[in-house]
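Novice: I'll drop the sequence and a predicted model, then ask my questions.
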Amino acid sequence: MPNTASDVLIVGAGPTGLTLACTLAQRGARVRIVDAASGPASGSRGKGLQPRTLELFDDLGIVDDTLAHGVFNLPMRYYDETGQSKDDRLQRSPRPDAPFIHSLITPQWRVEETLRHKLGQLGVRVEFGIELTGISQDADGVTAQLSGPAPMSIRIDWLVGCDGGKSSVRQLTGIAFLGETVETYRMLVGDVRVEGIDRDHWHIWKSAEGILALCPLPSTDAFQFQASIAPGQESETSLEVFQGIVDRRTGRHEIRLREPTWMSLWRANVRMVDRYRQGRVFLAGDAAHVHSPAGGQGMNTGIQDAYNLGWKLAAVHSGIGAALLDTYQQERLPIAAGVLGLSNEIMASVVAAGTILLRKDERTLQLDLNYRDSKLTREMRPMAEGVRAGDRAPDAPGLIGPNGSCRVFDLLRGPRATILGFGTHWQPVIGSLQGHIIVSKAAAGSPGHYTDSEGHAQTAYGDSSLYVVRPDNYIGMATLEPTSNPVVDYMNTFLIRKG
Ligand SMILES: Cc1cc2nc3c(=O)[nH]c(=O)nc-3n(C[C@H](O)[C@H](O)[C@H](O)COP(=O)(O)OP(=O)(O)OC[C@H]3O[C@@H](n4cnc5c(N)ncnc54)[C@H](O)[C@@H]3O)c2cc1C
């Protein structure tokens, strides 16, 4: 007899599945998350968290734990073929609309550890050693076959495959994974201890044989080893092969590797699905798109898929119309296609330069991704300058509110939608909807309002619009119309209301 204890089954407890589980559990959905592996993964793999992901982690309440295990803007130390070195690092000016402007270097297993901890606080434990082996579905739900210590069949409302590039969920639902495997791009990767170099730089050697990079992994004693491997070159994942590469490509025999904890041969697969959903079954993360690590986008895109889907699944589960779920693919599929193009572009420039380049391209920060063309987006202003509906809601420091100073992200934090009205004329609309009124310094003094003491909020949002900010902190609706009807309609149609 199928067991019916949960609403959503998440298959795969990598960064995508864990983020999804947190977003659902946070909203009271009953979640089960299984992983075929016997325990947590130990490899550093995706070691770059992009600013947009950090913003979402701030919203989820785990950014401080994440930052505690990472480093921003680590300087690069480039060695040429004669062994001469030159240091370089990114120069970016602070932005009031974005608290993070660099990617954070931190091992992927740390990110997963932090997410698992958060999930545990929300009352959900990852069930390791349980593999999905079969799926059938009908109009009312999904039946999943799980193998493990005791094979079982469970019935759920929704199933989400966050089970990586080789996704069983994708295969079992017959969704094609279109693209190619580029045999000419291969890389040995691993986590090893290294003697003979400092931990204050990401060390990168250019040589006739290929690229070698050793990046210190914050909050560990290890470095991530990356070495490009030409066709026909030795590609065994052993300490001897890794050490041989270091000896030949650096010409420095005092650099010694030891105690590898993870070693792998990476092949360039550039593929994505043409749909994110088959009935009640969804795909997210690497299960839906894979590409090269150049540009550091993969894990981040998976986490952001999960952040997009989580609130929608929870909303539909709580009674919002199921059409909301159609917007998941509509919003995320073009983003995946863009990420594949961007990582191909960066990979080609790495291959042409024969070295890992500074990530100057601001597209990698993922702050400009938007859902302007989504069916969920309502831009109701005739002439909108600056931020538009569908854009990421910008941050702004310098608000003075009822409890002292704060920033816009403090108002947005948490699992619900938020209404921001710029100007006291929004009071009658917002009054019944429990939003926030932001006023200029000149209009300061109204109780319960936030004064934009430095003008950053008005620079980002203008001084007279009302915005409905979705639970994933993208602007769903923007209007100048001083009536609550369209806002109430929008909230009732798509969102779980605050309060
Ligand atoms: C060398 C390297 C460097 C990288 N650098 C970056 C970077 O800087 N930035 C970045 O964003 N990304 C980077 N990536 C990519 C990143 O590692 C992946 O995009 C990320 O792991 C995808 O997460 P996921 O949760 O979607 O899938 P995964 O992490 O692959 O997790 C899938 C999980 O599903 C489980 N599973 C599989 N099948 C089943 C089944 N049938 N039943 C139950 N469980 C199952 C697996 O055990 C696994 O735990 C890098 C990758 C590599 C290899």
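Specialist: Looks like it came in fine. Numbering: from 1, shown residues only.

Novice: need the residues of the stretch 151-300 of the chain near the ligand, please.
Specialist: Taking CB under 6 Å from any ligand atom as the criterion, the neighbours of the ligand within the stretch 151-300 of the chain are 162-164, 168, 189, 266, 285-286, 293, 296-300. From N, CA and C alone the C-beta is placed, and that goes for glycine too.

Novice: can you do 5 Å?
Specialist: Asp163, Gly164, Ser168, Val189, Trp266, Gly285, Asp286, Pro293, Gly296, Gly298, Met299, Asn300 (CB under 5 Å from any ligand atom).

Novice: quick one: low-confidence parts of this structure?
Specialist: 1-5, 384, 444-445, 496-499 (pLDDT under 70).

Novice: quick one, domains of the protein?
Specialist: Annotated domains of the chain cover 8-74+92-178+270-365, 180-268, 378-494 [automatic domain parsing].

Novice: Helix or strand next in line after the longest helix along the chain, which one?
Specialist: Longest helix in the chain by number of residues (criterion: DSSP state H): helix 326-353. Downstream of helix 326-353, the next assigned helix or strand under DSSP states H and E is strand 378-379.

Novice: list the buried ones in stretch 12-22?
Specialist: By 16 or more other CB atoms under 10 Å, the buried positions in stretch 12-22 come out as Gly12, Ala13, Gly14, Pro15, Thr16, Gly17, Leu18, Thr19, Leu20, Ala21, Cys22.

Novice: quick check, distance from that stretch to the centre of its chain.
Specialist: 11 Å (CA atoms, centre = their mean, to the nearest Å).

Novice: ok, now stretch 66-79?
Specialist: Worked out by CA atoms, centre = their mean, stretch 66-79 lies 19 Å from the chain centre.

Novice: now, which of the residues of the stretch 151-300 of the chain next to the ligand lie within strands?
Specialist: Val189, Trp266 (DSSP state E).

Novice: What residues of stretch 405-420 count as buried?
Specialist: Across stretch 405-420, burial judged by 16+ other CB under 10 Å covers 406-413, 415-420.

Novice: Enumerate every residue touching Arg186.
Specialist: When contacts are counted by CB atoms under 8 Å, 6 or more residues apart in numbering, Arg186 touches Ser228, Ile229, Pro231, Ser235, Leu265, Trp266, Arg267, Ala268.

Novice: I'd assumed Leu188 was in contact with the fifth one.
Specialist: What it means is Leu265. Yes: the criterion here is CB atoms under 8 Å, and Leu265 meets it with Leu188 at 5.9 Å.

Novice: Give me the common contacts of those two.
Specialist: With CB under 8 Å, 6+ apart as the test, Leu265 and Leu188 both reach Ile229, Ser235, Thr237.

Novice: Filter those residues down to just the buried residues.
Specialist: Judged by 16+ other CB under 10 Å, buried ones among these: Ile229.

Novice: Inside strands: which ones of the shared contacts of Leu265 and Leu188?
Specialist: Using DSSP E, none of these sit in strands.

Novice: Closest one of the contacts of Arg186 to the ligand?
Specialist: Using CB to the nearest ligand atom, Trp266 is the member of the contacts of Arg186 that lies nearest the ligand, at 4.9 Å.

Novice: residues near that closest one, how many?
Specialist: Neighbour count of Trp266, defined by other CB atoms under 10 Å: 16.

Novice: Could you give the secondary structure assignment for the residue lying closest to it once chain neighbours are set aside?
Specialist: Leaving aside its sequence neighbours, Trp266 sits nearest to Met187 (CB to CB, 6 or more residues apart in numbering; 4.5 Å). Put simply, Met187 is strand when judged by DSSP: H, G, I helix; E, B strand; the rest coil.

Novice: how many neighbours does Val241 have?
Specialist: Neighbourhood size, Val241 [other CB under 10 Å]: 17.

Novice: Pull the contacting residues for it.
Specialist: Leu188, Glu234, Ser235.

Novice: one more time with 10 Å, if that's ok
Specialist: Applying CB atoms under 10 Å, 6 or more residues apart in numbering to Val241 gives the contacts Leu188, Gly190, Ala227, Ile229, Gln233, Glu234, Ser235, Met263.

Novice: Same check on Gly431?
Specialist: Counting by CB under 10 Å, 6+ apart, Gly431 touches Gly421, Ile437, Ser484.

Novice: can you check Phe223 too?
Specialist: Per CB under 10 Å, 6+ apart, neighbours of Phe223: 44, 190-194, 197, 199, 202-203, 213-217, 257.

Novice: ok, back up a step: tell me which two in the residues of the stretch 151-300 of the chain next to the ligand are the farthest apart.
Specialist: Ser168 and Gly296 (26.5 Å; CB to CB).

Novice: do you know how far the residue in the stretch 101-250 of the chain that the ligand sits nearest to is from Leu283?
Specialist: Proximity of the stretch 101-250 of the chain to the ligand (CB to the nearest ligand atom) peaks at Gly164, 2.8 Å away. Using CB to CB, to the nearest Å, one obtains 11 Å as the distance from Gly164 to Leu283.

Novice: Met380 now?
Specialist: Distance of Met380 to Leu283, given as CB to CB: 33 Å.

Novice: who has more neighbours, those two?
Specialist: The residue with more neighbours, out of Met380 and Leu283, is Leu283; 32 against 16, by other CB under 10 Å.

Novice: All good on my end, thank you.
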